[in-house]
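**Q** Need coordinates for the below:
(2 chains)
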Number of protein chains: 2
Amino acid sequence: MNDLDQAKVNAFSEKMLDILNGSMLSLTIGIGYQTGLFEVMANLPPSTSEQIAAVAELKERYVREWLAAMVVGQIIDYDPTTNTYSLSAEHASVLTKVAGPNNMARLTLVIPFLASVQKTIVNHFHKGGGVSYSAYPDFMNLWAEINADRFDATITQKILPLMPDVVEKM
Amino acid sequence: MNDLDQAKVNAFSEKMLDILNGSMLSLTIGIGYQTGLFEVMANLPPSTSEQIAAVAELKERYVREWLAAMVVGQIIDYDPTTNTYSLSAEHASVLTKVAGPNNMARLTLVIPFLASVQKTIVNHFHKGGGVSYSAYPDFMNLWAEINADRFDATITQKILPLMPDVVEKM
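**A** Below you'll find the predicted structure:
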């Protein structure tokens, strides 16, 4: 152990901490997606946790805790002089429905699906075998939602122009 | 949308991609912990996926896929000239039992626990209420394992010296 490159150990420990922090943050971002908090905040000026919870129709105590996690994770901005929280237009463009099929808050929802089969996969390392779609309840709903946005975003600009004869007949 | 600071959008998209990649990586690291692959690799010279799978007594096809994820995630090193994989002593010091209570591969196991209650927590944002320990099956086993390592690591060096009269009577 004395021959270890300590700088390399420290750098890797930092990397692992980032991975762990990011993993927990992604689950918390998933809560923001499912509660509608990102959409609510994208349409609000800088607001207190009470104001945000009132518009979102959620319990303020939980919203305040979520906001704290989002501030520490540098997703949402906090102004201590006014005790208000805001979601910048730039971050909203990545985390809300204006991002269409590329909404990255929605993409975090795949993590709980993958986490739910981890133990099953560990067993397969020993015994072989696979994981069927049926092991992921509701996964198809998420996928359908993402694909619907993708088709909405591309059908007139990209897909139909590939078939000029179809367009002519429409 | 035209007034967006595009550099800020791009930087945040990169950050979100890192978070998503890290989340999936942490689940894959958790598989490495549970299959014993990190411990096996810490004691092997650079080896092929067949050699690693044979020592770990696991299906090679799955081990090869896991190794590929670990190489892309920069956890494990790959030498394409010999088709061998290796876990550096520095990374092993963070991801195996030599890290004692600070084994960060084991810490990734909290992610599936947290993921499993995400939907419940979303409901609580609407209705209030909490999540009981019983919602996390096996969590206490993980916690006991971590604490046992912590006590092993600290009892003679840190805890007993706080009680000189006890030490005298031993």
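**Q** so where's chain A shaky on pLDDT?
**A** Filtered on pLDDT under 70, chain A yields the residue ranges A:1-2.
**Q** immediately after the top helix by length along it, which helix or strand?
**A** Using DSSP state H, we find that the single longest helix of chain A is helix A:6-35. Downstream of helix A:6-35, the first helix or strand assigned by DSSP states H and E is helix A:37-42.
**Q** before we move on, back to that, how far off helix B:6-35 does the longest helix of chain A point, in degrees?
**A** Counting by axes from the mean of the first three to the mean of the last three C-alpha atoms, to 10 degrees, helix A:6-35 lies at 110 degrees to helix B:6-35.
**Q** Can you give the domain ranges for chain A?
**A** According to automatic domain parsing, chain A comprises the domains A:1-99, A:109-170.
**Q** quick check, distance from the longest one to the centre of its chain.
**A** With C-alpha atoms, centre = their mean, to the nearest Å as the basis, the distance from the averaged C-alpha position of domain A:1-99 to the chain average is 10 Å.
**Q** before we move on, what about the last one?
**A** Taking the mean of its C-alpha atoms, domain A:109-170 sits 16 Å from the chain's own mean (C-alpha atoms, centre = their mean).
**Q** hmm, the longest helix of chain A touching chain B?
**A** Yes - counting by C-beta under 8 Å from any C-beta of the partner chain, chain B is contacted by helix A:6-35 at A:8-9, A:12-13, A:15-20, A:22-27, A:29-31, A:34-35. C-beta here means a position set from N, CA and C on the backbone, and glycine is covered the same way.
**Q** check contacts around A:Thr82.
**A** By C-beta atoms under 8 Å, 6 or more residues apart in numbering or on different chains, A:Thr82 lies in contact with A:Pro46, A:Thr48.
**Q** can you give me phi and psi for it?
**A** Dihedral pair for A:Thr82: phi -110, psi 0, per degrees, to the nearest 10.
**Q** which of the residues of helix A:6-35 next to chain B count as buried?
**A** The neighbour count (16 or more other C-beta atoms under 10 Å in any protein chain shown) marks A:9, A:12-13, A:15-16, A:19-20, A:22-27, A:29-31, A:34-35 as buried among the residues of helix A:6-35 next to chain B.
**Q** Report the separation between the nearest residue to A:Met16 once chain neighbours are set aside and B:Ala115.
**A** Nearest residue to A:Met16 in three dimensions, chain neighbours excluded: B:Met104, at 4.3 Å (C-beta to C-beta, 6 or more residues apart in numbering or on different chains). Using C-beta to C-beta, to the nearest Å, one gets 18 Å for the distance from B:Met104 to B:Ala115.
**Q** what does A:Leu37 give?
**A** A:Leu37 is 19 Å from B:Ala115, by C-beta to C-beta.
**Q** The two - which one has more neighbours?
**A** Set A:Leu37 next to B:Ala115 and count neighbours by other C-beta atoms under 10 Å in any protein chain shown: A:Leu37 wins out with 27 against 23.
**Q** excluding its backbone neighbours, what's nearest the more buried one?
**A** Closest to A:Leu37 by C-beta to C-beta, 6+ apart is A:Ala56, at 5.7 Å.
**Q** Double-check that neighbour against A:Thr35; I have them as touching.
**A** Yes - at 6.5 Å, A:Ala56 counts as touching A:Thr35 under the criterion of C-beta atoms under 8 Å.
**Q** what's near enough to touch A:Phe125?
**A** By C-beta under 8 Å, 6+ apart, the residues touching A:Phe125 are B:Ile31, B:Thr35, B:Leu58, B:Lys59, B:Tyr62, B:Val63, B:Trp66.
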